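S.K.: Need coordinates for the below:
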Amino acid sequence: MGVFKRYLVAGALALAAVGLAGQASAQQRVEVQFWHAMGGVLGERVAEIVKRFNASQSKYTVVETNKGNYDEVINGVIAAYRAKKHPQLVQIYERGFMTMLLSGAIVPVQDLLTEKKKAIDWADLVKPVASYYQYKGKLMSMPFNSSTPILWFNKEHFEKAGFSGPADTWQEFEQQLYTIRTKGISECGSALANDYFWSLIENYSIINDQPFGTKANGYDGLDTEFVYNKTKVVGQVTRLKKWVDDGVMQIAGQGLNPEQLFTSGKCSTFFASTAAHGSVEREAKIKWSATFMPHEQGIAAHNSTIGGATIWTLKGHKSEEYDGVAEFLSFVASPDLQVWWHKVTGYVPITNKAYQVAKAEGYYKDNPTREIAILQLNRGTQTENTRGFHFGNFTQTTFALREELESVFAKKKTPQQALDDSVRRGNDILRQFEKLNAGKY
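M.R.: The predicted structure follows:
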């Protein structure tokens with residue numbers, strides 16, 4: 001082979017090598033880190049979502065990592081952000097909304113997906129879900145696992161007492177529980193849920209259109225103050241205390257959790273998240289059903305509010321990584337994925353379109369209790385009292401509320417005294433948050 005030919009061959013080989021390297025580079029996926037708080041079966045469902053997404057395209061790889069419980073995740077991501085070792089995506093519970101919003105560390109999801117030209121119908125999001133995570137009419141994070149409390153009941157207990165099911169109002173429902181107890185049909189009328197402050201206090205306020213705080217529950221300013229010690233919540237706590245004192249409501253103990261008190265047949269009712277469907281279906285040794293949360297006599301029932309978490313996007317990453325973020329969040333919000341998530345977890349679909357798909361498939365004919373949460377969330381016309389809560393340091397203020405309520409059940413304080421003290425403590429915490437975030441909201 002001549003010198004010239006050798007140069008040609010060498011050049012061709014070099015070009016081929018460059019081409020192969022370029023092809024390998026082009027095929028290399030962009031990695032997106034997703035931190036979350038889902039363990040057990042729910043953690044497996046999150047892993048399945050990520051697996052489905054990674055298999056659906058060839059540009060991006062999402063890596064999901066469980067970082068502990070909700071508190072551990074938010075604390076961990078704050079530390080990681082300061083060290084510039086944070087993920088692109090993180091799941092944060094609803095009580096961390098204001099902390100994330102004013103952190104200076106987030107990219108609003110609606111801005112991101114609009115910029116990346118993802119066709120999301122923002123108006124189709126279930127209203128109480130969207131409104132909780134909006135700021136100035138714009139969605140800040142992508143709703144992910146959204147739930148709301150419903151009333152679970154033992155069908156046989158109610159039938160034996162002569163009732164077709166729980167009554168719509170608290171007054172009539174109370175009479176039913178006392179009748180069931182008086183007739184000796186069950187040991188207790190209701191089990192007090194661990195998150196009763198959410199299901200029986202916060203949601204009670206929303207459903208009955210009662211202000212929890214001033215400034216539209218914090219939506220209109222950081223100078224909000226709690227006022228639930230001056231509303232019908234006082235009567236609700238008085239009612240719950242009476243139930244506990246009379247043995248109509250039982251506080252779990254001695255190795256049994258509240259759900260087990262219900263699924264074992266010991267207690268006739270249980271207020272809990274719609275996301276409890278999976279465990280109730282697995283564990284219940286009774287004929288059970290579920291219905292809407294009660295409302296006060298003479299008050300039209302409004303929507304309930306949500307619990308759960310959303311997926312936040314964090315600042316400080318490369319443009320191509322945000323392309324992957326937008327692709328993944330669009331995948332999460334798609335009707336097919338939402339219907340699947342709704343069915344396997346009990347969480348509500350985040351869009352009305354996904355709900356309609358499930359309905360058209362006949363899913364609710366076979367699983368009627370799965371529809372209650374969606375109907376309840378869409379019930380009535382929203383007011384400034386029913387959009388949700390935008391309170392700073394909400395986890396801390398909730399702890400104060402729970403601690404004071406426990407003093408009521410322990411007969412150390414009257415309902416009014418406990419709620420007054422809870423409001424005082426909560427407002428001190430709100431003032432600390434207001435001072436720390438002055439001018440940001």
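
S.K.: Please count neighbours and contacts with C-alpha atoms only from this point.
M.R.: Fine.

S.K.: so where is this protein shaky, pLDDT-wise?
M.R.: Residues of the chain meeting the criterion pLDDT under 70: 1-27, 253-256.

S.K.: what's the neighbour count on the nearest residue to S199 once chain neighbours are set aside?
M.R.: Spatially, and ignoring its direct neighbours in sequence, S199 is nearest to P149 (5.6 Å; CA to CA, 6 or more residues apart in numbering). Neighbourhood size, P149 [other CA atoms under 10 Å]: 29.

S.K.: Can you tell me which residue is spatially central in this protein?
M.R.: Residue closest to the mean C-alpha point of the chain, counted by CA atoms, centre = their mean, is G308 at 1.5 Å.

S.K.: so that residue sits right up against E94, yeah?
M.R.: Yes. Counting by CA atoms under 8 Å, G308 touches E94, with 5.9 Å between them.

S.K.: I would like the residues contacting stretch 167-182, please.
M.R.: Stretch 167-182 is contacted from outside by 157-158, 161, 163, 166, 186-190, 248, 292-297, using CA atoms under 8 Å, 6 or more residues apart in numbering.

S.K.: In ChimeraX, select just the buried ones from those residues.
M.R.: Only the buried entries of the contacts of stretch 167-182 go into this ChimeraX selection, using 16 or more other CA atoms under 10 Å:
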select :157,158,161,166,186,187,188,189,190,248,292,293,294,295,296
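
S.K.: From the contacts of stretch 167-182, which land in helices?
M.R.: 157-158 (DSSP state H).

S.K.: related to what we said a few turns ago, to which secondary structure element type does the residue nearest to the centre of the chain belong?
M.R.: Following DSSP: H, G, I helix; E, B strand; the rest coil, the label given to G308 is strand.

S.K.: Report the contact partners of it.
M.R.: Taking CA under 8 Å, 6+ apart, one finds 93-94, 144-147 in contact with G308.

S.K.: would you turn these into JSON lines with neighbour count, distance to R370 and secondary structure?
M.R.: Shown next, in JSON lines, are the contacts of G308 (neighbours: other CA atoms under 10 Å; distance: CA to CA, whole Å; DSSP: H, G, I helix; E, B strand; the rest coil):
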{"residue": "Y93", "neighbour count": "23", "distance to R370": "22", "secondary structure": "strand"}
{"residue": "E94", "neighbour count": "24", "distance to R370": "22", "secondary structure": "helix"}
{"residue": "F144", "neighbour count": "24", "distance to R370": "17", "secondary structure": "strand"}
{"residue": "N145", "neighbour count": "25", "distance to R370": "15", "secondary structure": "strand"}
{"residue": "S146", "neighbour count": "23", "distance to R370": "13", "secondary structure": "strand"}
{"residue": "S147", "neighbour count": "26", "distance to R370": "11", "secondary structure": "strand"}
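
S.K.: quick check, nearest of those residues to G426?
M.R.: Nearest to G426 among the contacts of G308: E94, at 17.5 Å, using CA to CA.

S.K.: thought that closest one was touching A309?
M.R.: Yes. Counting by CA under 8 Å, E94 touches A309, with 5.1 Å between them.

S.K.: May I see the buried residues of stretch 43-58?
M.R.: Buried residues in stretch 43-58, counted by 16+ other CA under 10 Å: 43, 45-47, 49-50, 53-54.

S.K.: Residues in a beta bridge with S147, which ones?
M.R.: Counting by DSSP bridges, S147 is bridged to G307.

S.K.: do the one 5 residues further on as well
M.R.: For W152, the residues forming beta bridges with it (DSSP bridges) are F270, A290.
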